[in-house]
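**Student:** Sequence first, then the predicted structure, then my questions.
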Amino acid sequence: MRQAHEGRIQWAQAQPHIDACMGCLGCQTACPSGVPYGQLIEAARVEVEQRARTPFQRFVRQQAIGSFTNPTRLRLLLKAASAIGIRKTPRWMAHLLGAHDTAVRLPALPRSIWRPARAVYPAQGERKATVGLLLGCAMRVLFDRVHRATVGMLTLAGYEVHIPRHQGCCGALWVHNGYSRQAQRHARRLFHAFREMDYIVVNAAGCGSTMKEYGLLFKDTPEREEAKSFSQRVRDVHELLYESDLPEPKRNDSLCITYHDACHLLHGQGIRQQPRELLKRLPSVKLIEMDGSDLCCGSAGIYNLLQPTLARDALQRKVKNIRDTGATIVASANPGCTLWIQQGIQESDAPIEVLHPVEILAKAYDAMP
């Protein structure tokens, strides 16, 4: 990155190396000097998109990201793929996106995009604060049960949960792939949608990490202070639940669970203990730590589409570590991780479920609305 910035090499020469980075931020956590690698790689990807790709390549990549970040479009694509019998991402799509080959299993078609029954879910007991729930993109299409579990657990913890209209995408996939202007456009919608909330709650690690760094995304704009103020109100759902005095669980299921650290939850937000401690509060849960729980599973947004060989190597390592624990449930707090790990587990014929920690909690507390 430094050589390209100083003009000693061309950005086209740096491109293969920039593209091969998963952006997991593990090096940022490990670096004793505190080098802000996340900021550097995102800035470098802006340069790569503008200087090392053709206009057609940029157009195709933007269309692909736009499809993942628009719930209606994503559902239509999945519906069309299901109708014509496509089970994995077509090879021609991989070529257009810049990858040589891919074998990403398409997720099962959901019945419908989640539309909450209410705009406001009242707190149980004394109200602590009002929180707005980010619906997101893939989360809203594929993981409505996680949203319902989140609403149930937050209201149980004393929060009044609002579902603001017209919220849209948080911009995470855009900013991680070098399109900061598109990310800013999406972020502005969130500023307006969540203006009246005490907190903005997120249950997808990648979204929360990006939203907590809106101050950096808008650092050279007049909206910098508004962005920083917004970011200070963003909370991952585990943070709020961990700080709450929850009642005793209503169910006492004997579960054997291992926990996967989503990169943008651990390295992006510094959240490690809260999900684990929440699961440990369940009396009959056995939580087994896996080797390499903090290593990337290879999903990394759309990395598994763009770099399938490297992504699959990471997936195989992750699945082996999961199986070695003997657990029957993997807790995963990011939709990309969940889908990718599910694919690896299905291919290995292991009888293991992949669930969001909040789903496990909601079942134990009988809090699923």
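**Tutor:** Good, I have the coordinates.
**Student:** May I have the helix or strand containing Leu78 as PDB, with CA atoms only?
**Tutor:** For Leu78, the element it lies in under DSSP states H and E is helix 71-83. The C-alpha trace of helix 71-83 is given here as PDB (Å, rounded to 0.1, in the frame of the first residue of the first chain):
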ATOM      1  CA  PRO A  71     -33.600  -7.000   0.500                       C
ATOM      2  CA  THR A  72     -36.200  -7.000  -2.300                       C
ATOM      3  CA  ARG A  73     -33.600  -7.600  -5.000                       C
ATOM      4  CA  LEU A  74     -31.800 -10.300  -3.000                       C
ATOM      5  CA  ARG A  75     -35.100 -12.200  -2.400                       C
ATOM      6  CA  LEU A  76     -36.000 -11.900  -6.100                       C
ATOM      7  CA  LEU A  77     -32.600 -13.300  -7.100                       C
ATOM      8  CA  LEU A  78     -32.800 -16.200  -4.700                       C
ATOM      9  CA  LYS A  79     -36.400 -16.900  -5.900                       C
ATOM     10  CA  ALA A  80     -35.300 -16.900  -9.600                       C
ATOM     11  CA  ALA A  81     -32.300 -19.100  -8.800                       C
ATOM     12  CA  SER A  82     -34.600 -21.600  -7.000                       C
ATOM     13  CA  ALA A  83     -37.100 -21.600  -9.800                       C
END
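**Student:** Give me the distance from it to the chain's centre.
**Tutor:** 20 Å (Cα atoms, centre = their mean, to the nearest Å).
**Student:** what's it packed up against?
**Tutor:** helix 55-68, helix 138-142 (3 or more Cβ pairs under 8 Å, 6 or more residues apart in numbering; DSSP states H and E). For every residue, glycine as well, the C-beta is placed using N, CA and C.
**Student:** Now for Tyr365: which residues touch it?
**Tutor:** Going by Cβ atoms under 8 Å, 6 or more residues apart in numbering, Tyr365 touches 152-153, 156, 246-247, 249-251.
**Student:** Return the member of those residues nearest to Val285.
**Tutor:** Comparing those against Val285 with Cβ to Cβ places Pro249 closest, at 9.4 Å.
**Student:** Return the distance of the closest one relative to Pro369.
**Tutor:** Per Cβ to Cβ, to the nearest Å, Pro249 is found 17 Å from Pro369.
**Student:** Compare these two and say which one has the larger neighbour count.
**Tutor:** Just comparing Pro249 and Pro369: by other Cβ atoms under 10 Å the higher neighbour count belongs to Pro249, 18 against 15.
**Student:** So the more buried one sits against Ala364, correct?
**Tutor:** Yes: if you go by Cβ atoms under 8 Å, Pro249 and Ala364 touch, sitting 4.2 Å apart.
**Student:** in which helix or strand would I find Ala350?
**Tutor:** Judged by DSSP H and E, Ala350 forms part of no helix or strand.
**Student:** Same question for Ser293.
**Tutor:** Counting by DSSP H and E, Ser293 is part of no helix or strand.
**Student:** Same question for Arg115.
**Tutor:** With DSSP H and E as criterion, Arg115 is part of no helix or strand.
**Student:** Could you shift the numbering so residue one becomes 33, and keep it that way?
**Tutor:** Sure thing, new numbering starts at 33, so read that last one as Arg147.
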